[in-house]
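Asker: sequence first, then the predicted structure:
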Amino acid sequence: MSTLRRTLTSALSATVLAAGLALGAAAPASAASCPSSASPKIPGGKAHWTLSCRGGTLKVYGWVEDTRQEGDCANVSVWPGGGHHWKLVSACGWGERKNFDFAFAGTTTANVYLYLGR
């Protein structure tokens with residue numbers, strides 16, 4: 001691929017990503033409660049996560065994988081209910097997969113997103 005084409009492709013990808021994030025578009029973009037799971041895919045990344053509850057604690061666990069060589073990371077962010085701090089896991093590098101396992105006491109809901117970025 002030529003340098004100009006790579007530059008244009010990167011610029012277009014960044015613009016689409018920025019527009020999507022500005023509009024709140026990520027995959028998926030809704031609150032989830034336990035028990036539930038999702039397996040979203042976007043250009044450049046894929047993930048799977050499960051929400052489960054036990055003894056008043058929400059667990060969010062799964063993996064995220066970078067599926068493209070464009071230089072961005074595939075990220076999963078978890079925004080739990082109940083005022084907890086959010087968590088982030090990133091897979092950076094084509095084919096890299098990162099596992100995650102987060103626990104949050106006193107809540108049964110979370111917003112979980114898959115998106116590209118650095």
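Answerer: On my side now, so go ahead.
Asker: E96 and H48, how far apart?
Answerer: 15 Å (CB to CB, to the nearest Å). In this view, the C-beta of every residue, glycine as well, is placed from N, C-alpha and C.
Asker: brain fart, G55
Answerer: In terms of CB to CB, G55 sits 24 Å off from H48.
Asker: ditto for R118
Answerer: Taking CB to CB, one finds R118 at 22 Å from H48.
Asker: kindly report the same for V76.
Answerer: Taking CB to CB, one finds V76 at 10 Å from H48.
Asker: quick check: neighbours shared by the two?
Answerer: G62 (CB atoms under 8 Å, 6 or more residues apart in numbering).
Asker: which of those two has more neighbours?
Answerer: Between V76 and H48, counted using other CB atoms under 10 Å, the more crowded position is V76 (28 against 16).
Asker: just confirm the more buried one contacts I42, I think it does.
Answerer: No. Under the criterion of CB atoms under 8 Å, V76 is not in contact with I42, lying 11.1 Å apart.
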